[in-house]
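# Model the following, please.
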Amino acid sequence: MGVLNVTPDSFSDGGRWLDPEAAVAHGRAMAAEGADIVDVGGESTRPGARPVPEEEELRRVVPVVEALARENIVVSIDSRKPAVARAAVAAGASIINDVSASLWPVAAETGAAWVAMHMPADPEVMQQHARYVDVVAEVKSYLVERAETARRAGVENLWIDPGIGFGKTPAHNLSLLRHLDELVDTGIPVLVGTSRKSFLGRLAAGETGESAGPEDRLEGTVATTTWAVTRGADVVRVHDVRPVSQAIHLAEARPRPESDVAGVPAR
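Next comes the predicted model:
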């Protein structure tokens, strides 16, 4: 899933794709680089972000969704507003990527697929709510309950997302990644988004170094997304589609028994 932020203030690439033509061109490029889904969002949900008025979010996303869907690109809408989700699906989006995990009625109504993400509070204050007794168990319980509710309502296609970085400390993020198999074992498809997130910059810097900025977190993104896929994640949400796609293909490659890799006979 390629990230397409049609926003002026997203933590990583705010403003780069605010112009609709630039956004559509970038979405097209990500699809060419290997993105199976292009995720269009018109409201930043970075820590501390303030809500965007519904009318503005609609203005930002609907033309982009419509143009990409017209080119037979699978589009998801990253929104927590029912009206925006409905309008985007009407414009051609087939997935609702929902950080609030509350839009299952819209998915049931429209027939769209749905992503339910764990976030303990609104983005403005979510980091103040990064308190858990057992983050893995609590996130899993919440997401399973959301998925079961959605399925009872008639949502057939859905994913659960542990919400890496959303109301989580670096330790929480690592614990969720380390125990990702517990989410996978629920039998519900899992989506993971670690791309360019701040905990990767802090980990790369170590205890005394300066945290790397968003554009310098590619190595951490590749490592964590590849880990997620090899642990059973069905979808990874990324800004840098080409290098992540290449890493995943390499990680999943299996030499044939008769192959000879770098001069070393297979055995």
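# CA only for contacts and neighbour counts going forward, please
Noted.
# so residue 228 sits in a helix?
Yes. Under DSSP: H, G, I helix; E, B strand; the rest coil, residue 228 sits within a helix.
# which residues touch it?
Residues near residue 228 by C-alpha atoms under 8 Å, 6 or more residues apart in numbering: 177, 180, 192, 236.
# Show me these that map onto helices.
Counting by DSSP state H, the part of these found in helices is 177, 180.
# so where do the strands sit in the stretch 51-200 of the chain?
Listed in chain order, the strands of the stretch 51-200 of the chain (DSSP state E, counting those that start in this stretch) span 75-78, 95-98, 113-117, 158-161, 191-192.
# which of those sits most buried?
Among the strands of the stretch 51-200 of the chain, ranked by average contacts under mean count of other C-alpha atoms under 10 Å, first place goes to strand 75-78 (a mean of 28).
# elements contacting that strand?
strand 38-41, helix 54-70, helix 82-91, strand 95-98 (3 or more C-alpha pairs under 8 Å, 6 or more residues apart in numbering; DSSP states H and E).
# which residues make contact with the longest one from outside it?
Going back to what we said before, that points to helix 54-70. Residues outside helix 54-70 that contact it (C-alpha under 8 Å, 6+ apart): 6-7, 18, 20-21, 23-24, 27-28, 40-43, 74-75, 77, 81, 83-84, 87-88, 91-93.
# For residue 45, which non-adjacent residue is spatially closest?
Leaving out its chain neighbours, the residue that sits closest to residue 45 by C-alpha to C-alpha, 6 or more residues apart in numbering is residue 123, at 5.5 Å.
# wait, what's in contact with that neighbour?
So residue 123 contacts 45-50, 166 (C-alpha under 8 Å, 6+ apart).
# Could you do residue 30 as well?
Residues in contact with residue 30 (C-alpha under 8 Å, 6+ apart) are 2, 38, 241-242.
# ranking those by neighbours, who comes first?
The most neighbours of any of the contacts of residue 30, using other C-alpha atoms under 10 Å, belong to residue 38, which has 28 neighbours.
# what sits against residue 158?
By C-alpha under 8 Å, 6+ apart, the contact set of residue 158 is 113-116, 147, 188-189.
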